[in-house]
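Participant: sequence? don't have it. structure:
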């Protein structure tokens with residue numbers, strides 16, 4: 001286990017602590033973004049979600065297909081949008097005292113959200129897992145109670161999942177003592193090659209295939 005505290009210039013309202021790196025080499029490829037503007041500037045393709053319409057939240061979809069499966073850890077296989085935020089779901093009803101989990105369904109390089117309900121003495125616990133293995137746990141708190149606190153992460157190696165819950169301490173406790181409400185989720189997909197680049201790649205593959213075919217022909 002290694003522990004470190006990332007340097008986040010300009011993070012005036014919040015404190016962030018990284019705890020429990022389980023795969024230092026993989027986790028080292030990530031970047032934590034202090035503001036939404038910084039996150040937005042770092043991602044080429046972004047899809048934004050709010051939760052203003054009450055109801056079950058199971059899949060976050062986009063123009064390029066399903067991006068994330070949303071579930072409540074140990075409870076319902078979905079979350080609940082209620083009163084302008086994403087909550088957990090227990091027995092079909094919204095419940096804030098639970099862990100929300102996002103499992104990514106295609107290559108994803110970035111994930112961001114606002115935590116709406118930190119009271120100044122509690123922490124949001126965020127587990128970020130990576131394609132190929134490794135998880136980093138972050139603990140996020142605020143110096144200004146009940147104002148949205150931003151968290152954003154990008155990784156060129158790809159993200160596998162993100163889990164979020166809130167508690168009174170900064171590390172390792174099961175959820176249950178504090179509410180966990182999030183909103184304004186952003187998911188960034190890996191860059192898609194431009195059509196011209198794809199055409200050039202296909203032309204190159206055709207040339208290579210033709211050369212290989214001629215070499216196989218009998219003389």
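Facilitator: Looks like it came in fine. What you are looking at is a predicted structure, and each value in this text was computed from that prediction instead of being measured.
Participant: Can you find the helix or strand of the chain with the lowest average pLDDT?
Facilitator: Least confident helix or strand of the chain, by mean pLDDT, DSSP states H and E, is strand 2-4 with a mean of 33.
Participant: same for the helix or strand hosting residue 152, what does it pack against?
Facilitator: Using DSSP states H and E, residue 152 sits in strand 149-155. The contact analysis (3 or more C-beta pairs under 8 Å, 6 or more residues apart in numbering; DSSP states H and E) places strand 149-155 against strand 14-21, strand 30-33, helix 36-42, strand 108-115, strand 123-130, strand 135-142. All C-beta spots, glycine's among them, are computed from the backbone N, C-alpha and C.
Participant: what lines up beside the fifth one in the sheet?
Facilitator: Translated: strand 123-130. Sheet pairing here is set by DSSP bridges, and for strand 123-130 it gives strand 135-142 (antiparallel), strand 159-167 (antiparallel).
Participant: just the fourth one next, same as before
Facilitator: Sheet pairing for strand 108-115, assigned by DSSP bridges, gives strand 149-155 (antiparallel), strand 182-189 (antiparallel).
Participant: which residue packs closest to residue 140, ignoring adjacent ones?
Facilitator: Excluding the flanking residues, the one nearest residue 140 by C-beta to C-beta, 6 or more residues apart in numbering is residue 124, at 4.4 Å.
Participant: what sits against the one you found?
Facilitator: 115, 118, 139-141, 149, 151, 164-166, 180 (C-beta atoms under 8 Å, 6 or more residues apart in numbering).
Participant: Nearest to residue 97 among those residues?
Facilitator: Proximity of those to residue 97 (C-beta to C-beta) peaks at residue 180, which lies at 7.0 Å.
Participant: so that closest one, which of the three states?
Facilitator: What DSSP: H, G, I helix; E, B strand; the rest coil gives for residue 180 is coil.
Participant: Got phi/psi on it?
Facilitator: The phi/psi pair for residue 180 (degrees, to the nearest 10) reads phi -130, psi 100.
Participant: unless I'm mixing things up, it is touching residue 95, no?
Facilitator: No. In this structure, residue 180 is not within contact of residue 95 by C-beta atoms under 8 Å, at 9.3 Å.
Participant: Now list whatever residues contact both of those two.
Facilitator: 87-88.
Participant: of those two, who's got more company?
Facilitator: Using other C-beta atoms under 10 Å, the more surrounded residue of residue 180 and residue 95 is residue 180, with 27 against 19.
Participant: so who does the more buried one touch?
Facilitator: 87-88, 96-100, 115, 117, 124, 164-166.
Participant: With pLDDT and distance to residue 62 added, can I get those in a markdown table?
Facilitator: Putting the contacts of residue 180 into a markdown table (pLDDT from 0 to 100; distance: C-beta to C-beta, whole Å) gives the following:
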| residue | pLDDT | distance to residue 62 |
| --- | --- | --- |
| 87 | 96 | 22 |
| 88 | 95 | 23 |
| 96 | 89 | 26 |
| 97 | 88 | 30 |
| 98 | 89 | 25 |
| 99 | 92 | 24 |
| 100 | 95 | 19 |
| 115 | 93 | 23 |
| 117 | 86 | 27 |
| 124 | 88 | 25 |
| 164 | 94 | 20 |
| 165 | 89 | 25 |
| 166 | 85 | 27 |
